[in-house]
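Enquirer: The sequence isn't on hand, but the structure is:
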């Protein structure tokens, strides 16, 4: 093996021009191969390659809720509800500038079409949700006095900003029988601390407004979500500074991105320290820097060669 390398060296020792051409050609081919590589930041790849862990990761990735980000706006200065909603809308308008590059969807305002869908669903199957007590109340609501009172109340509602939506349901259900069935579904509500108010999700004490953000990229794509984390923090700091509200957010994509950023910092610091210590040790041992270069250059070339071959 040593004879082969000696022969190659002796051949190119007297043909330096040819050696330069071959060297440039090799680095060009390796550079093209490295350029073809597609790097992917996936924090789950750090876990051991075991079937059980792979099955768990696969299941987690298929659960769509794990890719959500919950953002909370807190009314820490006790602003009135109208001003609170206005400032929350301003934050929403800043967040939608990240669509679709980093954010796929933001659930903030309740969709009127979806509300009408559920209203129609209960209206068309109304007898299934009513009991004897409800029929007695409906019977009493058909009296002349109750009808007049109901129509006056409905007229006042039509004059409110929500009148455009109410008009779509009032013409079909002037006695408001469907809301009786809808109220019975409240017993199935998982959390009583969240209520729908003014087409937005409020906490029960009306001091918090919630948004649910769906990132464009999944939790495992920590590189792209790290960019989202940076943008969210910039928007949060700017919003908190210019308003009297507090903003907090949490979600698996941001946790993965934060972990990936910390791991990259730790690796960079560790590798830098190792490189400095190794350089000082070899410099002290050999007393000449060129010997250090003679040891490092083959390592660098071997790494570039391996990456270039992988690219092809």
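Expert: Perfect, I can see it now. Bear in mind that the values here come from a model prediction, so they are computed numbers and not experimental data. Numbering: from 1, shown residues only.

Enquirer: low-scoring stretches of the stretch 201-312 of the chain, by residue?
Expert: Within the stretch 201-312 of the chain, no stretch has pLDDT under 70.

Enquirer: again, only this time at 90
Expert: Residues of the stretch 201-312 of the chain meeting the criterion pLDDT under 90: 201-206, 217-227, 241-244, 250-265, 267, 271, 274-312.

Enquirer: Can you list the residue ranges for strands in it?
Expert: 208-215, 246-251 (DSSP state E, counting those that start in this stretch).

Enquirer: most packed of the ones you listed?
Expert: strand 208-215 (a mean of 20; mean count of other C-beta atoms under 10 Å). No exception for glycine: its C-beta is placed from N, CA and C like everyone else's.

Enquirer: what pairs with that strand, and is each one parallel or antiparallel?
Expert: strand 69-74 (antiparallel), strand 103-107 (antiparallel), strand 200-203 (antiparallel) (DSSP bridges).

Enquirer: Redo those as TSV? Include distance to residue 136 and mean neighbour count.
Expert: Shown next, in TSV, are these (distance: least, C-beta to C-beta, whole Å; neighbours: other C-beta atoms under 10 Å):
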stretch	distance to residue 136	mean neighbour count
strand 69-74	43	18
strand 103-107	39	16
strand 200-203	34	18
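
Enquirer: Which of the ones you listed sits closest to residue 244?
Expert: Comparison of these against residue 244 by C-beta to C-beta identifies strand 69-74 as nearest, at 10.2 Å.

Enquirer: State which helix of the chain is the longest.
Expert: Longest helix in the chain by number of residues (criterion: DSSP state H): helix 252-286.

Enquirer: Now that one: buried residues?
Expert: Using 16 or more other C-beta atoms under 10 Å as the test for burial, helix 252-286 gives 252, 253, 254, 255, 256, 257, 260, 261, 282.

Enquirer: Those residues: which two are farthest apart?
Expert: Farthest pair in the buried residues of helix 252-286, by C-beta to C-beta: 252 and 282, 44.2 Å.

Enquirer: ok, back up a step: let me know which of the strands paired with strand 208-215 is the nearest to residue 287.
Expert: Comparing the strands paired with strand 208-215 by C-beta to C-beta, strand 69-74 comes nearest, at 56.4 Å.
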